[in-house]
Each structure stands twice: as structure tokens, then as C-alpha cells.
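Asker: fold the following and give me the result.
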Amino acid sequence: MRSRIATVASLLIAAAVLSVLPFVISDYNVSLVARVGVFFIAVLGLDILTGYTGQISIGHGAFMAIGGYTTAVLSRDHDTNLIVTMLIAFAICFVVGLLVGLPALRLSGAYLALVTFALAVSVPLLPLKWSSFLGGRDGVQTSHEVSNLWLYGVAWAASAVLFVLAWLILRGRVGRAFRAVRDSEIAAVASGIELPVYKTLAFGISAAYAGVAGSLFVLANNGFAAPDEFGVVLSLQILIGAAVAGLGSLWGVLAGAAFVGLLPSVSSSVPVIGSTHGQDVVFGAAVILVMLLLPDGFAGLLTRIRRLARA
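Answerer: Below you'll find the predicted structure:
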């Protein structure tokens, strides 16, 4: 009972802080925190797949690209409402995730990671193939301009809705099936769990979350969708965020999203003598340091703190 009260209180405090924050910080910082909200959704989606079913993916930047281009093209060609484009991106990426999940049924571990890595490499190149429709290297510009405050509100509202949806999914029968698949596929099948159904469903849900994150990512990039914005580095950032958050737990996702959303901006201002890529050096060093200090991620730290409090 105490743990539930503490959880609800923590969520209410976080919601209150996020509600007040944009009115007490600069417009630039509002854009940064909005970007954290975008990564929050992407990391949350990957955590459902990797943390709860044990399927490794290095290709979520590809799903973000699909969601981002969906918003950009619908806005440019049909002047579609941006919120509606996010819902459409959610649906399209859910279907694409199911399709990707089907061949992934026969793969696991490093082999599955390589397949999703190939997805991350190939999908951002598709706009170059269909340049007349997807703009090629010039990209696609949305017909709508949004303010940082609007983006902040939508990003965190979507984060809240998708967080509650993830919590409802994972605490029910589907979540128990996901965890059974992660712990032992053989035991899960012996328990009557339909392995193909739940593994592909996890891919679909995770991809749908990435699609919404991709839509918001384009809006955070001044409404511009281009192949270079969805490269392999983006997929790796999402994976790093999930690892920092702590795989298999929802309560560290905010920390993981803040890490990958804010660290590039912070590290760019840190001088590194003798390096022309100081931002990359600082980012890499920070990742190594966090993994050494928090091998179970931020969620593991919270678990240890709760145990100490009970003791």
C-alpha cells in the first residue's frame, strides 16, 4: 500500500513540475525539455520490446523515420492536422512493426540485433529512392509551424497517455505473457502462451510508440524531415536511453530520456583538448560512466533505494 501511495505521489509531483516548468524557463530550454518528451516516448516503446520480451532492437530510428515522414508528407500534401498525423503514424508503424516481427520470430540475440540494425540503415535511404515523393536529400517540410510551447504540451501530453497505456498493458495478461517470453520461451510455450502472437505484438506496440516519437521529432526539427535526421545514431541513442533507464521497468524511462535528450546539448559546451569531436567524446565517456555506476540503470538505483528505506 505504501509503495502504491509513493508511486502515485511521485507521478503527481512529476506531472505538476512538467506543467509549471515551461512558464519559468526560457524558450530555448522549453524546446530542450520538449525534446526529452520525444525521447521519452521512443525509449518507452523500446523498453516494452527489449525490457519486457527480451527482443533486442537497434532499428527504432527506422520506425521513427516512418512516423516522421508520415507527418511531414500528410502535412505538406493534405494540410492534415498534426495530431491526426500522429495517430496515423501510430497505426502505420504498428502494422509495420507486426510485419517486421514476423521474420524476427526465427531470430534472437545478436542475429535479431543485426536484422534490426539493417532496418535502421536501409529505411532512412528510401527517401533517396523515391525522391519525387519524399524529397530526397532535400527532405520534406511540413506546412504547419508550431511554437516550442505547443510542442512541449503535445509531447508531454502524448507521453502521459502512452505511459498510462503501457502501464495498463504491462500489468495485465499481455504484460505477464511478455515477461514469461523474456524469462524463458520454452517455459512460456509450456504454459500455453502463443509465442508468435506475443512476440509480434510487442514489436507492433514498440514500433507504434516510435512512430509517434518520430512525428514529434520532425516537429522538434522545425517541421523538417530529412534522411540524415534518422540515421543509425538515432537508433543507438534510443537504445542507450533504454539501458540508462533500466530495462524491464517503466520508472526509469524519464531518466533515460533526459540522458539522451539533454546530454548532447550539454556535452557540446564541454571543451575537450586535442579533439575535433568533443561532443562525441563527452557523450561516450558519460555513457561508459553511467553504465559502470548504474549497471541496472536508473530503475535499479530506485530499487536499491526502496530496499534501503524498508530496511
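
Asker: only C-alpha atoms from now on, for both contacts and neighbour counts.
Answerer: Noted.

Asker: show me how far stretch 218-231 is from its chain's centre.
Answerer: Put simply, stretch 218-231 sits 15 Å off its chain's centre (C-alpha atoms, centre = their mean, to the nearest Å).

Asker: lowest mean pLDDT among the helices and strands of this structure, which one is it?
Answerer: The least trusted helix or strand in the chain, going by mean pLDDT, DSSP states H and E, turns out to be helix 278-293, with a mean of 75.

Asker: which strands and helices lie in contact with that helix?
Answerer: helix 232-245, helix 253-267 (3 or more C-alpha pairs under 8 Å, 6 or more residues apart in numbering; DSSP states H and E).

Asker: show me what the first one is in contact with.
Answerer: Counting by C-alpha atoms under 8 Å, 6 or more residues apart in numbering, the neighbours of helix 232-245 from elsewhere in the structure are 39, 42-44, 46-47, 57-62, 117, 120-121, 251-257, 259-260, 287, 290-291, 294, 296-299.

Asker: then stretch 75-89?
Answerer: Under C-alpha under 8 Å, 6+ apart, the answer for stretch 75-89 is 66-68, 70-71, 74, 140-144, 208, 211-212, 215-216.

Asker: can you map out the strands along the chain?
Answerer: Per DSSP state E, the chain carries strands over the ranges 140-141, 224-225.

Asker: most packed of those strands?
Answerer: Neighbour counts (mean count of other C-alpha atoms under 10 Å) averaged over each of the strands of the chain peak at strand 224-225, with a mean of 25.

Asker: next, the buried residues of stretch 232-246.
Answerer: Buried residues in stretch 232-246, defined by neighbour count with 16 or more other C-alpha atoms under 10 Å: 232, 234-246.

Asker: can you list those residues in JSON lines and add distance to Y152?
Answerer: Shown next, in JSON lines, are the buried residues of stretch 232-246 (distance: C-alpha to C-alpha, whole Å):
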{"residue": "V232", "distance to Y152": "25"}
{"residue": "L234", "distance to Y152": "20"}
{"residue": "S235", "distance to Y152": "22"}
{"residue": "L236", "distance to Y152": "24"}
{"residue": "Q237", "distance to Y152": "20"}
{"residue": "I238", "distance to Y152": "19"}
{"residue": "L239", "distance to Y152": "23"}
{"residue": "I240", "distance to Y152": "23"}
{"residue": "G241", "distance to Y152": "20"}
{"residue": "A242", "distance to Y152": "21"}
{"residue": "A243", "distance to Y152": "24"}
{"residue": "V244", "distance to Y152": "23"}
{"residue": "A245", "distance to Y152": "21"}
{"residue": "G246", "distance to Y152": "25"}
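
Asker: of the residues you listed, closest to L18?
Answerer: A245 (18.8 Å; C-alpha to C-alpha).

Asker: who's in contact with the closest residue to F217 other than its chain neighbours?
Answerer: Nearest non-adjacent residue to F217, counting by C-alpha to C-alpha, 6 or more residues apart in numbering: V38, 6.3 Å away. Going by C-alpha under 8 Å, 6+ apart, V38 touches A155, W156, S159, A213, G214, L216, F217.

Asker: spatially, which two of the residues you listed are the most separated?
Answerer: W156 and G214 (14.2 Å).

Asker: and these two? Which one has more around it.
Answerer: G214 (33 against 22; other C-alpha atoms under 10 Å).

Asker: how near is that one to Y111?
Answerer: Distance of G214 to Y111, given as C-alpha to C-alpha, to the nearest Å: 25 Å.

Asker: do V290 as well
Answerer: According to C-alpha to C-alpha, V290 and Y111 sit 27 Å apart.

Asker: and those two? which has more neighbours close in?
Answerer: Between V290 and Y111, V290 has the larger neighbour count (other C-alpha under 10 Å), namely 16 against 13.

Asker: got a list of what that one touches?
Answerer: With C-alpha under 8 Å, 6+ apart, V290 has these contacts: V244, G297.

Asker: what's the spacing between it and C93?
Answerer: Taking C-alpha to C-alpha, one finds V290 at 31 Å from C93.

Asker: and if you look at Y69?
Answerer: According to C-alpha to C-alpha, Y69 stands 11 Å off from C93.

Asker: before we move on, what about G109?
Answerer: 23 Å.

Asker: more neighbours: those two, which one.
Answerer: A count of neighbours by other C-alpha under 10 Å puts C93 above the other of G109 and C93, at 29 against 11.
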